[in-house]
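I would like the atomic coordinates for the input below:
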Amino acid sequence: MKNINVAYQLYSARELVEKDMLSVLKELSQMGYKGVEFAGFFGHSADEINNMLAETNMKAVSSHVPVKDLKSNLDDIISFHKAIGCKYIVVPYVEENDRPGFPGFAKMIRFIYEAGVECKKNGLQLLYHNHDFEFEKISGIYGLDFLYDAVPEDILQTEIDTCWVHYSEVDPIEYLLKYTGRAPIVHLKDYNGVKIEGDPYALIGIDKEASQDKKFAFLPVGQGVQDVKGLIDAGLKAGAEWFVVEQDEPTANGPMEDARLSLEAIYG
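Here you go, the predicted structure:
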């Protein structure tokens, strides 16, 4: 699998990135990662980001941008991403009221369409990164499918998070293949455990009221329930350009050792 493009979601090492992004990029590059997916730029200018990427021979693959920022500052966000050569802007997460089955879902679909059109006008591509809540059914189909049916393929493409698909008790390999031709980036993420009571996002600090049940834990790729080879094969068949390693919370090894173990399993 050495010939595939593997990037790292910098959210996975967010505390280290905030302190010293360049050191993290250097370490990832030395491990063998070819690119990164951003989750914020921590005050760095486009020129500074470009210099760090050039120094470490890394590519700006994609970028998770909060919905509130896309709504308030889309033109500047597009300009910034064009300046760093980052083609893919990703909707990373939506608040409860905007999810399938809630009152704001229709407006969110409309907003995603409009943002995707603006991205396309500027030579960029909007993607949507799923969690598990998009697998609630709307009119008999998963909310995620409803979204992708509602917004044309050239306006919105997928960034399928294979962890949350599996967690939702849907086969992530089959689901990837369902979006063949619409899946430029695939999130490789592993875990152990079962679906827990309450909202799992407390585990990453999003919902403090949610269950902290230890029956669920994020792990380096290859150390949990995922069929890594099967996911990569399916991603390639679906047309994936990049596979992105994401681990919402590190193990006791720390995020950089987890990153190394993930890459070892992928390239093994």
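
separation between the residue lying closest to A46 once chain neighbours are set aside and F146?
Spatial nearest neighbour of A46, excluding adjacent residues (Cβ to Cβ, 6 or more residues apart in numbering): A83 at 3.8 Å. For every residue, glycine as well, the C-beta is placed using N, CA and C. From A83 over to F146 the distance is 34 Å, taken as Cβ to Cβ, to the nearest Å.

more neighbours, those two?
Taking neighbours as other Cβ atoms under 10 Å, A83 and F146 compare with F146 leading, 20 against 14.

Would you confirm that that one contacts S139?
Yes: the pair F146 / S139 is scored as a contact, 7.1 Å apart, by Cβ atoms under 8 Å.

Please, where are all the helices along the stretch 151-268 of the chain?
162-167, 172-178, 228-238, 255-267 (DSSP state H, counting those that start in this stretch).

So which of those helices is the most surrounded?
Highest mean neighbour count of these: helix 162-167, a mean of 24 (counted as mean count of other Cβ atoms under 10 Å).

What residues of the helix or strand where F80 lies count as buried?
For F80, the element it lies in under DSSP states H and E is helix 67-83. Buried residues in helix 67-83, counted by 16 or more other Cβ atoms under 10 Å: V67, L70, L74, I77, I78, F80, H81.

Out of the residues you listed, which is nearest to N57?
Lowest distance from N57 to the buried residues of helix 67-83 (Cβ to Cβ) belongs to H81, with 19.7 Å.

Was I right to think that closest one contacts V90?
No: if you go by Cβ under 8 Å, H81 and V90 don't touch, sitting 10.5 Å apart.

Mutual contacts of the two, please.
Both H81 and V90 are in contact with S63, where contact means Cβ atoms under 8 Å, 6 or more residues apart in numbering.

The most far-flung residue of the chain relative to its centre and V91: what is the separation?
Largest separation from the mean C-alpha position in the chain: S139, at 26.5 Å (Cα atoms, centre = their mean). Separation of S139 from V91 (Cβ to Cβ): 22 Å.

got it, and L25?
Per Cβ to Cβ, L25 is found 24 Å from V91.

Equivalent analysis for M108, please.
As defined by Cβ to Cβ, M108 lies at a distance of 9 Å from V91.

Tell me who's in contact with P250.
Going by Cβ under 8 Å, 6+ apart, P250 touches S12, A13, F218, D258.

Helix, strand, or coil at the first one?
When you say that, I think you mean S12. helix (DSSP: H, G, I helix; E, B strand; the rest coil).

what's the closest non-adjacent residue to it?
Leaving aside its chain neighbours, S12 sits nearest to Q247 (4.7 Å; criterion: Cβ to Cβ, 6+ apart).

same check, this time on K34
Of all residues not flanking K34 in the chain, N5 sits nearest, at 5.3 Å (Cβ to Cβ, 6+ apart).

could you pull out the strands for the protein?
In the chain, the strands defined using DSSP state E lie at 6-9, 35-38, 59-64, 88-91, 125-129, 137-138, 141-142, 156-161, 185-188, 190-193, 216-219, 242-245.

can I get those in a markdown table with distance to D171?
Below are those laid out as a markdown table (distance: least, Cβ to Cβ, whole Å):
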| stretch | distance to D171 |
| --- | --- |
| strand 6-9 | 23 |
| strand 35-38 | 24 |
| strand 59-64 | 24 |
| strand 88-91 | 23 |
| strand 125-129 | 19 |
| strand 137-138 | 16 |
| strand 141-142 | 13 |
| strand 156-161 | 12 |
| strand 185-188 | 14 |
| strand 190-193 | 15 |
| strand 216-219 | 19 |
| strand 242-245 | 18 |
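
and R99, which of these is closest to it?
Here strand 137-138 is closest among the strands of the chain (Cβ to Cβ), at 10.2 Å.

Name the residues that touch that closest one?
Residues from elsewhere that reach strand 137-138 (Cβ under 8 Å, 6+ apart): P100, G101, F105, G143, F146.

any idea how far the residue nearest to S12 lies from H131?
Distance, Q247 to H131, using Cβ to Cβ: 15 Å.
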